[in-house]
Each structure stands twice: as structure tokens, then as C-alpha cells.
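Participant: Just a sequence and a predicted model for now, questions to come.
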Amino acid sequence: MRGLFTNNSLNIQAGQAVSGIADHARTLRICSGCVWITVEGISQDYWLSAGDTFAVTPGRLIVVQAYRIASRVDITPDTQQSAARKLGARLSKVLAVLQTPKAGILTATDDAENRRVRRSGFAGKPCAPLRLTYPMQTGDAA
């Protein structure tokens, strides 16, 4: 077996296998042929053909074998996956902030309250602005 991550492109003969452990996230792109991929610690194996891609998990042994015909595999650093993860994490934080109720802001999320408003006939009708009042402390002037 040859080292999987020593080159940017591999030409694997039918029946030949290559293996390796990635030090960081990478993407395998099958350019031609058909390959079988197995990853240490994952019970599922993968069968990929030309045009398919596979995201490599760092720190796990990966074996790639060409099936029936010679296959070409390109190996690239997975900068897109890293960027997508960072963007997803940022969006999750923004959504968490937007979904957190703020003090002094009324929300109409209670279904029972929404049904009561619809039955009363007030739903969809313009109403006067809501004035929020806070309890006054002892000694405060009115």
C-alpha cells in the first residue's frame, strides 16, 4: 500500500489500495473510475464513482481501493468545509440571540393566548400602541 496523503493526486490500479491518516480535513474527489473507501471507527463503507467527493475526517485511518478499473483521485485541503463550519457556527449564535426574549418586549408565542385573541375579534384589527409600565419603587413619585 502507498501513502494516501503524500500526493495531491493518485492513480490507483484496479484492486490496488492506498491508506493513510490525514493530519487535517481534506476532500477526496473521484476523477475517474470507482473506489471503495473504509474509515477506521465507522462501520459503514463507501462506494464512490467519478464526480463524487468524500470529506476526510482527520486522525482516522482511511483505506481507498480502486474497484475493477483504474481510478484517479484528487486530494485537496478542505478549506470550504472549514469555512462552512465557521459560517454555520456564527449563524447559530446570531439566531440564538435573535430568538432570546428581551426584557420589556412582549411576544405573542403562546398558542392559547393567540386563540383567545382570534375568538375575541381583535385579531387583525389595528390597535393603539401598547404602553408598558413597570412597578414603581416605594417613594417614587407618580
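Facilitator: Structure received. Not measured: the values here are computed from a predicted model. Numbering: from 1, shown residues only.
Participant: quick one, what contacts Gly41?
Facilitator: The contact partners of Gly41, taken as CB atoms under 8 Å, 6 or more residues apart in numbering, are Arg60. Using the backbone N, CA and C atoms, a C-beta is placed for each residue, glycine as well.
Participant: I'd like the distance between Asp78 and Gln16.
Facilitator: Shown here: Asp78 relative to Gln16, a distance of 25 Å by CB to CB, to the nearest Å.
Participant: okay, the two: which has more neighbours?
Facilitator: Comparing Asp78 with Gln16 by other CB atoms under 10 Å, the one with more neighbours is Asp78, at 20 against 15.
Participant: Sketch out the low-pLDDT regions of the chain for me.
Facilitator: For the chain, the stretches flagged by pLDDT under 70 are 1-3, 79-86, 100-142.
Participant: Okay, strands next: where are they in the protein?
Facilitator: All strands of the chain, identified by DSSP state E, fall at 2-3, 9-12, 17-21, 26-32, 34-39, 46-49, 53-56, 61-66, 71-77.
Participant: Would you mind finding the most buried of these?
Facilitator: Mean neighbours per residue, mean count of other CB atoms under 10 Å, is largest over these for strand 61-66, with a mean of 20.
Participant: who touches stretch 8-15?
Facilitator: 2, 4, 18, 31, 33, 35, 64-76.
Participant: tell me how far the ends of it are from each other?
Facilitator: 20 Å (CA to CA, to the nearest Å).
Participant: What is the burial count for Ala25?
Facilitator: By other CB under 10 Å, 16 other residues sit near Ala25.
Participant: Setting aside sequence neighbours, what's the nearest residue to it?
Facilitator: Asp78 (3.8 Å; CB to CB, 6 or more residues apart in numbering).
Participant: any idea how far the one you found lies from Ser49?
Facilitator: Distance, Asp78 to Ser49, using CB to CB: 20 Å.
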